[in-house]
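1. Have a look; sequence and predicted model below, questions after that.
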Amino acid sequence: MLKIRPIQNHELNQITQIEFESFTDPYPKDLFQFLAKKSPELFLVAVEEGKEEKEILGYAVADVERHVPYLNGHILSIAVGKQYRRRGIGNQLLSELIRLFKSKECNSIVLEVRESNLKAKALYQNLGFIEVKRRSRYYEDGEDAIVMTLDLEDAL
Ligand SMILES: CC(C)(COP(=O)(O)OP(=O)(O)OC[C@H]1O[C@@H](n2cnc3c(N)ncnc32)[C@H](O)[C@@H]1OP(=O)(O)O)[C@@H](O)C(=O)NCCC(=O)NCCS
């Protein structure tokens, strides 16, 4: 069975590996180190329960930003190891982040996604996110980002 839990420091290398195989413009390990220290409860990993939990199947990392009077959850990165995709892991990681943001009384959740990333957009839409704006040439290669949000006051 799948288990979603906060990251442990020794798992940062595996996270970086999944990040590098998943993105053309990956976040560096330093940034993950910083985020894991800042808010470990918002840095989630998916592992197979019951075993030694050595292999990380996927992860999701987020932050909480205060824009007075609002509190926004910001999803910074989510990826699942290539061989483990399409098994519901991304959905479970995101669902757990949504639960955590609700428990922190966030008003909404925001994320950026490449315009061409239809799989990720479908994942977010399934969980109620809607497209709200475009950030022109947001990525290094010139692609636009679509900003998606989930209003937690409206969420089921
Ligand atoms: C996007 C990603 C995290 C999805 O993870 P996953 O574990 O494969 O996703 P799930 O199995 O939970 O699928 C959830 C939903 O996502 C969508 N989806 C996922 N993979 C898809 C695919 N290959 N084709 C179409 N839709 C897909 C579907 O809507 C799916 O729901 P369904 O199975 O009921 O149709 C994964 O593909 C990934 O790591 N991609 C590379 C990194 C990335 O793009 N991250 C997002 C950055 S914004």
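-> Happy to help now that I have it.
2. And for residue 137, nearest residue in space, chain neighbours not counted?
-> Excluding the flanking residues, the one nearest residue 137 by CB to CB, 6 or more residues apart in numbering is residue 144, at 6.5 Å. All C-beta atoms are positioned from the backbone trio N, CA, C, and that covers glycine.
3. Residue 117 is in contact with that neighbour, correct?
-> No. With contact defined as CB atoms under 8 Å, residue 144 does not reach residue 117; the gap is 11.2 Å.
4. Quickly list what's touching both of these two.
-> With contacts taken as CB atoms under 8 Å, 6 or more residues apart in numbering, residue 144 and residue 117 have no neighbour in common.
5. hmm, back to that, show the contacting residues for the residue nearest to residue 137.
-> Counted by CB under 8 Å, 6+ apart, residue 144 has contacts 114, 115, 134, 135, 136, 137, 138.
6. Now for the third one: which residues touch it?
-> By CB under 8 Å, 6+ apart, the contact set of residue 134 is 115, 144, 145, 146, 147.
7. what pairs with the third one across the strands?
-> Beta-bridge pairing of residue 145, defined through DSSP bridges, involves residue 114, residue 135.
8. do you know how far it is from residue 113?
-> 7 Å (CB to CB, to the nearest Å).
9. mind listing the strands for this protein?
-> 2-6, 43-48, 58-67, 70-80, 108-114, 130-135, 145-151 (DSSP state E).
10. and residue 20, which of those strands is closest to it?
-> Nearest to residue 20 among the strands of the chain is strand 70-80; the distance by CB to CB comes to 9.6 Å.
11. just the angle between the closest one and strand 145-151, please?
-> 120 degrees (axes from the mean of the first three to the mean of the last three CA atoms, to 10 degrees).
12. returning to that earlier point: mean pLDDT and distance to the ligand for the strands of the chain - can I get that in CSV?
-> Shown next, in CSV, are the strands of the chain (pLDDT from 0 to 100; distance: least, CB to the nearest ligand atom, whole Å):
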stretch, mean pLDDT, distance to the ligand
strand 2-6, 96, 10
strand 43-48, 97, 8
strand 58-67, 96, 6
strand 70-80, 97, 4
strand 108-114, 98, 4
strand 130-135, 98, 13
strand 145-151, 97, 9
